[in-house]
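Participant: following is a predicted model, sequence given first.
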Amino acid sequence: GHYISVDTSYEGEKAVLSSPELYSEEWSCVRLIYQIATTSETSSDPARLNLYLRQEGESFDRLLWSAKEPSDSWLIASLDLVNSTKKYKIVLEGEVGQDKSASIAVFEIKITPGYCIECDFEENHLCGFVNRWNPNVNWFVGGGNIRNSQSILPKDHTLNSELGHYMYVDSVYVKHFQEVAQLISPKTTALMSGCLSFYYQLKQESSIVFTVYLRDTSGFYEEIWKTDSALSADWVLAEVDFNAPYPMEVIFEVAFNSAKGGYVALDDISFSPVYCSNETGMTPFDPAKAGCNFEEDLCNFYQEHKDGPGWSRVKVKRNVYRAGDHTTGFGYYLLANTKFTSQPGYIGRLYGPTLPGNLQFCLRFYYALYGFFKMSGTLAVYIFEENHVVQEKIWSVLDSPKGVWTQAEISFKKPMPCKV
């Protein structure tokens, strides 16, 4: 077969490949088979492959995906394209950087209708699903008319035929207690909520645990489904409500306790934007709505009257003694000034919007302190659980340079809805 590669003779230049004008009112998935190769160990300016979306009527390209990790084999990237009424182009950009030994190649670009986490396992790229390799138990492709194909079932679910394919994991090679096999979906790249469904078969002679997890980019696992049937001689439909407000992987995990455990087969993973209970999918939580740059107003932040008017939205002219705001240098920020209070202790409580429970959040903000003799504890962040009954301090300033914007980052996850 053929592939295209970046001409590396133009040092420092970018190679740009643009698609024809495309249009899709349905949600679709872009699959890219690519490779970045290099012989150098490390590089301060590594080769990089970027994929942009250029929408009609917009003056900029939106970066959907970027990769710089070198590999000695072809890799697959799957990217969700949200349905839109606008025409668009897909733009691939190769940057070789300073690494003279680097090469960037693309073998296939394919756009298919549907969601990237959907798969019937009939194509050899397996929709970007990958098995996490284990010396003893792994997910394999079953079915098909390939001679010597490892096949444990007479028929798949998609075609209901011996020619169809499915994924399966078998306990025959289990060596240790609690061996685990994981099949990992492509990462979601857009806000999604609705119903995740799949078909499975399970045969067990000793206990098998078949579980579906969500995993976010920081490695946190959340169990969303677990099998409750001991045996299913035919394909069984499983449905589970699914929320991905930020990039998530779906992990199909099977744990065996012995070599006589049995097997699990999986086929036809699909997604619908309507919840399994037939309610319309609630709009997934959008983290952007929980932030604010205070340029126009307080967004979804507020102060309570009983706390007094602690924070004021102000704008100052930048000069040699005082920085402007952090966003542009000429805009608005919030100021809590101790000159205007006679009360000791904390002043100026600013409450954020309600955040849903059971999600991993990263809170990032910029602060600057002026005129304090003692810095420690002058600014603090609390989590209020619903009804403001419980409050937990998750951060306070220790020491920081005076009069300059300093970034703070805090990660947290609470089981109940909460506010910052």
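Facilitator: Here it is on my side, so go on. What you are looking at is a predicted structure, and each value in this text was computed from that prediction instead of being measured. Residues are numbered from 1 along each chain as shown.

Participant: let me see the confidence value for the residue nearest the centre of the chain.
Facilitator: For the chain, Pro247 is the residue whose C-alpha lies nearest the centre (CA atoms, centre = their mean; 1.0 Å). pLDDT, Pro247: 90.

Participant: next one: phi and psi at it?
Facilitator: Note on Pro247: its backbone torsions stand at phi -60, psi 130 [degrees, to the nearest 10].

Participant: so who does it touch?
Facilitator: Residues near Pro247 by CB atoms under 8 Å, 6 or more residues apart in numbering: Lys187, Thr188, Thr189, Asp216, Thr217. Glycine gets a C-beta too; all of them are placed from N, C-alpha and C.

Participant: isn't the second one up against Val82?
Facilitator: In other words, Thr188. No: with contact defined as CB atoms under 8 Å, Thr188 does not reach Val82; the gap is 11.2 Å.

Participant: ok, back up a step: how near is the residue nearest to the centre of the chain to Pro186?
Facilitator: Going from Pro247 to Pro186 by CB to CB, to the nearest Å gives 10 Å.

Participant: cool, and Asn257?
Facilitator: Asn257 is 30 Å from Pro186, by CB to CB.

Participant: which one of these two has more residues nearby?
Facilitator: Comparing Asn257 with Pro186 by other CB atoms under 10 Å, the one with more neighbours is Pro186, at 24 against 17.

Participant: A strand includes Ala288, no?
Facilitator: No: under DSSP: H, G, I helix; E, B strand; the rest coil, Ala288 sits outside any strand and is assigned helix.

Participant: counting neighbours, what do you get for it?
Facilitator: With other CB under 10 Å as criterion, Ala288 counts 9.

Participant: what's the pLDDT at it?
Facilitator: Reported pLDDT for Ala288: 79.

Participant: again with the one 5 residues further on
Facilitator: Predicted confidence (pLDDT) at Asn293: the value is 90.

Participant: ok, now which ones touch it?
Facilitator: Thr327, Gly331.

Participant: just grab the bridge partners of the closest residue to Thr188 other than its chain neighbours for me.
Facilitator: The spatial neighbour of Thr188 that comes closest, neighbours along the chain excluded (CB to CB, 6 or more residues apart in numbering), is Ala244 at 4.4 Å. Following DSSP bridges, Ala244 is listed with bridge partners Met192.

Participant: and Ala244, how far from His326?
Facilitator: 30 Å.

Participant: name the residue in the two with the higher neighbour count.
Facilitator: Per other CB under 10 Å, whichever of Ala244 and His326 has more neighbours is Ala244, with 23 against 18.

Participant: dump the residue contacts of the more buried one.
Facilitator: Thr188, Leu191, Met192, Ser193, Leu214, Pro284.

Participant: also Arg322?
Facilitator: Arg322 sits next to Val316, Gly403 when contact means CB under 8 Å, 6+ apart.

Participant: check the gap between it and Gly331 for me.
Facilitator: With CB to CB as the criterion, Arg322 and Gly331 are 14 Å apart.

Participant: now Val236
Facilitator: 56 Å.

Participant: do the same with Trp225
Facilitator: Distance, Trp225 to Gly331, using CB to CB: 46 Å.

Participant: show me the domain layout of this protein.
Facilitator: What automatic domain parsing lists as the domains of the chain is 4-113, 126-272, 287-419.

Participant: show the end-to-end separation of the second one, please.
Facilitator: With CA to CA, to the nearest Å as the measure, domain 126-272 spans 20 Å from end to end.
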